[in-house]
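Visitor: Got a sequence here, can you model it:
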Amino acid sequence: MSATKPVIPTRYVAIGDSMTEGLWDEDPHAPGALRGWADRFAAGVTARRYEDGLEPLEYANLAIRGRLLGPILTEQLPLALSAAPDLVSIVGGGNDLLRPGSDPDRLAVELDRAVRTARAEGAQVLLATGTDTRNAGLLRRIRPKVAIYNAHIWSIANRYGAHVLDIWGLHPLQDWRMWAEDRIHLSSLGHARVADAALVALGLDPEDRAWQVPLGRAPATPATQQLRSDAAWVARDVYPWAARRLRKRSSGDERAPKRPELLPVTFPGSSPTPSHNSDA
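Guide: Below is the predicted model:
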């Protein structure tokens with residue numbers, strides 16, 4: 001018996017935070033613009049549609065850096081559903097888990113309600129697990145909370161028939177070359193791997209496992225160079241982030257979505273309006 005052919009999305013809206021906005025995957029075809037895994041995924045879906053003789057995917061991206069899960073679900077999701085998409089990706093919660101006292105069980109209750117709402121509207125839903133932070137230095141401390149949240153994500157997906165982009169299980173992301181200088185956001189290499197994993201999550205590329213293959217051995221970093229790099233990271237990224245937390249500010253304050261309307265995806269990329277900012 002042949003496997004059921006996956007349904008290729010026609011109208012896709014991505015919501016979330018900086019990861020889905022695309023930090024720091026700069027678009028070589030549009031200087032100053034950001035791509036990210038969702039843009040790359042949308043291009044991949046369009047390629048599959050072309051193979052079947054279909055029109056390009058219509059795609060919008062409402063994600064804004066720094067957003068907590070609450071605003072993602074109360075502000076972005078209603079806008080996304082008002083566009084009548086047949087696929088919505090909901091990726092958020094990471095900024096919440098970075099904060100002291102955050103509760104992954106509470107986040108899961110909010111996410112459950114949102115997925116139930118989206119499925120009731122007839123949209124497929126793509127969720128994503130959090131990254132395994134076991135080798136992420138200071139971020140290792142939130143690993144237990146991420147793991148609990150991930151367990152909820154799998155349960156929610158099973159409950160409502162949603163898809164899961166398994167970022168925790170994407171082992172190549174344990175390579176530092178998959179991450180930008182701020183050590184929190186993905187590099188272009190990382191975004192590309194996540195986009196491929198998203199295609200697999202929807203069953204659109206089930207035979208391709210190249211996305212799971214780690215990079216070759218990375219060159220060793222001398223201890224003195226690593227210390228200089230760590231010091232530069234604290235000054236450039238950690239201190240500004242902590243200062244914003246104290247002021248109760250976000251890097252996404254006053255920002256608008258980079259691709260607020262459903263538009264056909266074009267090649268060589270689906271470049272959004274330029275959105276470049278050094279804040280995390």
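
Visitor: ranges for the helices of the stretch 51-200 of the chain?
Guide: Under the criterion DSSP state H, counting those that start in this stretch, the stretch 51-200 of the chain contains helices at 69-71, 77-82, 94-97, 104-120, 143-160, 188-201.

Visitor: Using neighbour counts, pick out the buried residues of the first one.
Guide: Buried residues in helix 69-71, defined by neighbour count with 16 or more other CB atoms under 10 Å: L69, P71. (Glycine included, C-beta is placed from N, CA and C.)

Visitor: same thing with stretch 54-63?
Guide: P56, L57, E58, Y59, A60, N61, L62, A63.

Visitor: Can you list the low-confidence ranges for the stretch 151-280 of the chain?
Guide: 183, 206-209, 218-223, 225-252, 267-280 (pLDDT under 70).

Visitor: For L173, which of the helices of the stretch 51-200 of the chain is the nearest?
Guide: Closest to L173 of these is helix 188-201 (CB to CB; 6.0 Å).

Visitor: The closest one: how far from the chain's middle?
Guide: On the basis of CA atoms, centre = their mean, to the nearest Å, helix 188-201 sits 9 Å off its chain's mean C-alpha point.

Visitor: Give me the contacts around it.
Guide: Residues from elsewhere that reach helix 188-201, judged by CB atoms under 8 Å, 6 or more residues apart in numbering: 22, 24-26, 35-38, 40-41, 44-45, 48, 89, 126, 128, 163-167, 170, 172-173, 177-180, 186, 205-206, 208, 210-211, 215.

Visitor: wait, is E261 part of a strand?
Guide: Yes - under DSSP: H, G, I helix; E, B strand; the rest coil, E261 sits within a strand.

Visitor: Wait, it touches A60, no?
Guide: Yes - with contact defined as CB atoms under 8 Å, E261 reaches A60; the gap is 5.7 Å.

Visitor: State the phi and psi torsions of I64.
Guide: phi -140, psi 130 (degrees, to the nearest 10).

Visitor: Please tell me how far it sits from R40.
Guide: 19 Å (CB to CB, to the nearest Å).

Visitor: So for those two, which residue has more residues nearby?
Guide: I64 (26 against 23; other CB atoms under 10 Å).

Visitor: What pLDDT is listed against the more buried one?
Guide: pLDDT, I64: 97.

Visitor: OK, contacts around it?
Guide: D17, S18, E21, Q76, G252, R255, A256, P257.

Visitor: Is the second one in contact with G66, as I believe?
Guide: Yep, that's S18 we're talking about. Yes - assessed by CB under 8 Å, S18 is found in contact with G66 at 6.6 Å.

Visitor: Settle it for me: which of the two has more neighbours?
Guide: S18 (26 against 19).

Visitor: re the thing from before, buried subset of the contacts of I64 as a PyMOL selection?
Guide: Filtering the contacts of I64 down to the buried ones (16+ other CB under 10 Å) takes a single PyMOL command:
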select buried, resi 17+18+21+76+252+255+257
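
Visitor: Which ones among the contacts of I64 lie within helices?
Guide: Of the positions in these, S18, E21 sit in helices, assigned by DSSP state H.

Visitor: picking that back up, from the contacts of helix 188-201, keep the buried residues only.
Guide: Among the contacts of helix 188-201, those that count as buried by neighbour count (16+ other CB under 10 Å) are 22, 24-26, 35-38, 40-41, 44-45, 48, 89, 126, 128, 163-167, 170, 172-173, 178-180, 186, 205, 211.

Visitor: what's near enough to touch V213?
Guide: Per CB under 8 Å, 6+ apart, neighbours of V213: P172.

Visitor: Dihedrals phi and psi, it?
Guide: phi -80, psi 120.

Visitor: Can you get me a residue count around the closest residue to Y59 other than its chain neighbours?
Guide: Counting by CB to CB, 6 or more residues apart in numbering, A42 is the residue found nearest to Y59 once chain neighbours are left out, at 4.1 Å. A42 has 29 neighbouring residues, counting by other CB under 10 Å.

Visitor: Now do A42, the pLDDT please.
Guide: 97.

Visitor: hang on, it in a strand?
Guide: No - under three-state DSSP, A42 sits outside any strand and is assigned helix.

Visitor: pretty sure G161 is touching R119, no?
Guide: Yes - using CB under 8 Å, G161 makes contact with R119 at a distance of 6.8 Å.

Visitor: neighbour count winner among the two?
Guide: Between G161 and R119, R119 has the larger neighbour count (other CB under 10 Å), namely 16 against 10.

Visitor: No more questions from me, cheers.
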